[in-house]
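> Generate a structure from the sequence data that follows.
(one chain, ligands or ions: 1)
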Amino acid sequence: MTPEERSKRVQTMFSRIAGRYDLMNRVMTGGRDIAWRRAAVRELNLPANGQCLDLATGTGDLAFAVLERYPDAKVVGMDFSEGILRGAVKKSHERAETRTAWGVGDALALPYDDAQFDGLTNGFLLRNVVDLPRCLRELRRVTKPGGKVVCLEITHPQTPIFKQLFHVYFYKMVPIIGGIISGDPQAYSYLPNSLSLFPPAKPLLQKFREAGYRDAYYKTLGLGTMAIHVGVA
Ligand SMILES: C[S@@+](CC[C@H](N)C(=O)[O-])C[C@H]1O[C@@H](n2cnc3c(N)ncnc32)[C@H](O)[C@@H]1O
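Okay, the predicted model is just below:
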């Protein structure tokens, strides 16, 4: 499969599972995904009336978490799957939210000039992109110098026994549970596959440095199954 074909496949897959996406997140994580997004937002340091780009916004939960912490901020939520983005737009209407704007766009070629945003967030994007170094450079490009890029993503737990338990859960049980709830077994087989090809937290940090970020660091949470990587543009 070419990178273009893989990218298209990811795009259509997220549109297909959009209707059950939030439910699946809550079930798979026991509701912890909400706390993980809040933890990621705590690493962001938006100035007063700052503007944040939440990339790969999906159904918008990370964008709304930014607004919860920064009530005077404006957030642009962008995703390349129109189908899943509709979930974010719907939530925004239901909440009569005026601080959000939504748009379709690819993380590998963002429709923005350099240094447009005071900060940038993304949840569960990096594992999905077909060119990680290019994506990291693109996120840095659209962020103002000194602004933070905060990335929340699943990672490979390192504790020996827990590592094995996680392996059984994530690689064996999640595809079954996800397939039943979403009605799309293929999508939830993709999930563990995408992690198996993704770099562990330390090598990923190195990629941030190579992409030109200053003061890059990461934190793990969720018993080492989640990582928040942060870099200053
Ligand atoms: C697992 S969902 C995460 C959604 C949301 N950030 C959250 O916290 O639940 C991954 C999202 O990344 C989007 N995505 C993947 N590759 C992308 C790309 N190259 N550009 C923009 N969005 C992308 C998908 O369409 C999908 O909505």
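
> Strands of this protein, start to end?
51-55, 74-79, 100-104, 117-123, 143-154, 214-221, 226-232 (DSSP state E).

> Give the buried residues for the fourth one.
Put plainly, it is strand 117-123. Of the residues in strand 117-123, Phe117, Asp118, Gly119, Leu120, Thr121, Asn122, Gly123 count as buried by neighbour count, 16 or more other Cβ atoms under 10 Å. Where you see a C-beta, it was placed from the backbone N, CA and C, and this is true even at glycine.

> go on, the fifth one?
By 16+ other Cβ under 10 Å, the buried positions in strand 143-154 come out as Thr143, Lys144, Gly147, Lys148, Val149, Val150, Cys151, Leu152, Glu153, Ile154.

> what's the most distant pair in those residues?
Lys144 and Ile154 (28.3 Å; Cβ to Cβ).

> Also near the ligand: which of the buried residues of strand 117-123, exactly?
With the criterion set as Cβ under 6 Å from any ligand atom, the members of these near the ligand are Gly123.

> My guess is Ser194 contacts Leu126. True?
No - assessed by Cβ atoms under 8 Å, Ser194 is found out of contact with Leu126, at 9.8 Å.

> Would you mind listing what in this protein touches the ligand?
Near the ligand, when you scan the chain using Cβ under 6 Å from any ligand atom, you find 10-11, 14, 56-58, 61-62, 79-81, 84, 106-108, 123-125, 128-129.

> Cross these against helices and list the overlap.
Among the residues of the chain next to the ligand, the members falling in helices (DSSP state H) are Val10, Gln11, Phe14, Asp61, Leu62, Ile84.

> Now for this protein, the helix or strand with the poorest mean pLDDT.
Lowest by mean pLDDT, DSSP states H and E among the helices and strands of the chain is helix 185-196, with a mean of 82.

> Which neighbouring elements make contact with it?
Contact partners of helix 185-196 among helices and strands, from 3 or more Cβ pairs under 8 Å, 6 or more residues apart in numbering; DSSP states H and E: helix 3-16, helix 174-182.

> Pick the one among the buried residues of strand 117-123 closest to the ligand.
Each of those was checked against the ligand using Cβ to the nearest ligand atom; the closest is Gly123, at 3.0 Å.
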